[in-house]
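Trainee: Need coordinates for the following:
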Amino acid sequence: MSFKQEARKFYPKWPIYNEKEINALTEVIKSGEWWCGAPGAHQGNNVWAFQEEFAQLQGSKYCVAVCNGTVAIEAALMALNIGLGDEVIVSDYTFVASASAVIATNAVPIFCDIDPNTLVMDVNNIEELITERTRAIIPVHLGGNPVNMEHLMALASNYDLKVVEDCAHAHGSDFKGKKVGNWGDAGTFSFQASKVLTSGEGGAIICNSEELADNIYSYIDCGRKKNQYFYKHYSYGTNYRMTEYQAAVLRAQLKKFPDQHKLRNENALYLIKKLNDIKGIKTMELTPGTTSLGWYVFPIVFEPKEFGGITKSEFYKKLNRNGVPTDDCYPPLHSLDCFKTTNLKKGIDYSKANWGGEKSINRNFPVVSDIYSRSIEFPQEMFLADRENLDNVVTFIKSLKEKN
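Mentor: Now for the predicted structure:
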């Protein structure tokens, strides 16, 4: 067992499951209906039921379930007619999927720096990135913390841009009385193994337009139309359908989610207060107007000089080796080899992007480059533990400071 795995033994093991998940899977296997079928001819019922239940959780009219969160972004973009040569503005601080999904549509991601306090897309930087080729924006709600969607939607309206919210971290997050995913044209979610709602893999797209929901469904089900002949394909599409196995597990996980969500928020707010009292430690600030977060990850930023010049790598190792489960944050997109070397889709012109070659140097993305160099994050299952374990985290970080 690695020291990173060892640190997790003091906290709830993720995913959390019981007989409900086991029974749900057993029922699917015994039913012999292992896939969802079609809207007008259900082979199984879990996918269709989950779509309704998740839409209700997120306060949206429509939900289309898919096989993972990456293709959820791709499907939403394709249904919004984003494609060859279009530019899509994406936060620079996110998992590669937020941008690789744009690449999959033959469009070009344009990277936006972040706010140094909230750690999400700085909406004040968006306007300078808009060109005659810009067609969409993907705000990423990192750690469940909403981007300022009120400001962003005003810009999108002024420039006639589509908005696909990347809510992979933000199940249950609220911004100004509205669940994230409902501000833009569509919101995309991931149910990957570490997410706060999980089936190992899986994803979903929510929206409030019936026409868009139908277009998304058509794309993820081979170009079919709802309730039409099964072997009639009306447009280009592919197969990104969710399985009955995934949906059965998710329906059981949904029942656990409200209590877990409440506990994560209570414990995160408790830890925020404790950690921010330590000079040299700063937690992610909630975007003003936020009432609850998904808290998929909990980023903290440290000042090396307050800890005797400790490096990020040393800080990370010391935490894990002393029972504090810690992960690295996402490397900024501009720094990834695939973008620095433009090792992407053949035949697509990436020359006008704000990354690649010398354009990918850190000084062109100063805030995210600085934040990444001195930040780490805690996993979401930490916040399902009791307060004593959270106090131990604070105590150990204080001891690191005292030793230096």
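Trainee: Can you give me the distance of the residue nearest to the spatial centre of the chain to Met284?
Mentor: What sits nearest the mean C-alpha location of the chain, by C-alpha atoms, centre = their mean, is Ala168, with 2.4 Å. Separation of Ala168 from Met284 (C-beta to C-beta, to the nearest Å) stands at 16 Å. No exception for glycine: its C-beta is placed from N, CA and C like everyone else's.
Trainee: just Leu263 next, same as before
Mentor: From Leu263 over to Met284 (counting by C-beta to C-beta), the distance is 19 Å.
Trainee: Enumerate the positions of stretch 152-172 that are buried.
Mentor: Using 16 or more other C-beta atoms under 10 Å as the test for burial, stretch 152-172 gives 152-153, 155-156, 161-172.
Trainee: cool, and stretch 272-283?
Mentor: So stretch 272-283, judged by 16+ other C-beta under 10 Å, has buried residues Ile272, Lys274, Leu275, Ile278, Gly280, Ile281, Lys282, Thr283.
Trainee: Run through who's touching that stretch.
Mentor: Stretch 272-283 is contacted by residues 271, 298-303, 305-307, 390-391, 393-394, 397-398, 401 when judged by C-beta atoms under 8 Å, 6 or more residues apart in numbering.
Trainee: Ok, stretch 45-64 next?
Mentor: Outside stretch 45-64, the residues touching it (C-beta under 8 Å, 6+ apart) are 24, 28, 33, 36, 39, 42, 65, 75, 171-172, 178-179, 181-182, 187, 189, 204-210, 212-213, 216-217, 220, 241-244, 247-248, 250-251, 254, 257.
Trainee: what does stretch 96-108 give?
Mentor: 69-71, 73-74, 77-78, 82-88, 90-91, 109, 111, 133, 135-136, 138, 140, 166, 168, 330, 333, 336, 338-339, 344-345, 348-350, 352-353.
Trainee: Output it as CSV, nothing but the C-alphas.
Mentor: C-alpha atoms of stretch 96-108 as CSV (Å, rounded to 0.1, in the frame of the first residue of the first chain):
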residue,chain,number,x,y,z
VAL,A,96,-8.2,17.6,-19.6
ALA,A,97,-11.7,16.4,-20.5
SER,A,98,-13.1,19.9,-20.4
ALA,A,99,-10.9,20.8,-23.4
SER,A,100,-10.4,17.4,-25.1
ALA,A,101,-14.2,17.2,-25.5
VAL,A,102,-13.9,20.5,-27.5
ILE,A,103,-11.1,18.9,-29.6
ALA,A,104,-13.4,15.9,-30.3
THR,A,105,-15.9,18.2,-32.0
ASN,A,106,-13.1,19.6,-34.3
ALA,A,107,-13.4,23.0,-32.5
VAL,A,108,-10.5,24.8,-30.7
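Trainee: sorry, back to before: in helices, which of the contacts of stretch 45-64 fall?
Mentor: In helices, defined here by DSSP state H, the members of the contacts of stretch 45-64 are 24, 28, 75, 210, 212-213, 216-217, 220, 244, 247-248, 250-251, 254, 257.
Trainee: I figured Gln253 hits Glu21, correct?
Mentor: Yes: between Gln253 and Glu21 a contact is recorded at 7.2 Å, counting by C-beta atoms under 8 Å.
Trainee: so what's the residue nearest to Ile126 when sequence neighbours are not counted up against?
Mentor: With sequence-adjacent residues excluded and distances taken as C-beta to C-beta, 6 or more residues apart in numbering, Ile126 is closest to Leu155, at 5.6 Å. Residues in contact with Leu155 (C-beta under 8 Å, 6+ apart) are Val123, Ile126, Glu127, Ile130, Ile137, Leu161.
Trainee: So for the first one, what's the pLDDT?
Mentor: At Val123, the pLDDT value in this model is 98.
Trainee: Tell me how many other residues crowd it.
Mentor: For Val123, the count of nearby residues is 21 (other C-beta atoms under 10 Å).
Trainee: Nearest residue to it in space, please, no chain neighbours.
Mentor: His151 (4.4 Å).
Trainee: do the fourth one as well
Mentor: Nearest residue to Ile130 in three dimensions, chain neighbours excluded: Tyr159, at 5.6 Å (C-beta to C-beta, 6+ apart).
Trainee: what do you get for the fifth one?
Mentor: For Ile137, ignoring the flanking residues on the chain, the nearest one in space by C-beta to C-beta, 6+ apart is Ile89 at 4.6 Å.
Trainee: Check the third one too.
Mentor: Take Glu127 and drop its neighbours on the chain: the residue closest to it by C-beta to C-beta, 6+ apart is Leu155, 6.2 Å away.
Trainee: Show the backbone phi and psi for Asp328.
Mentor: Per-residue torsions, Asp328: phi -80, psi 150 (degrees, to the nearest 10).
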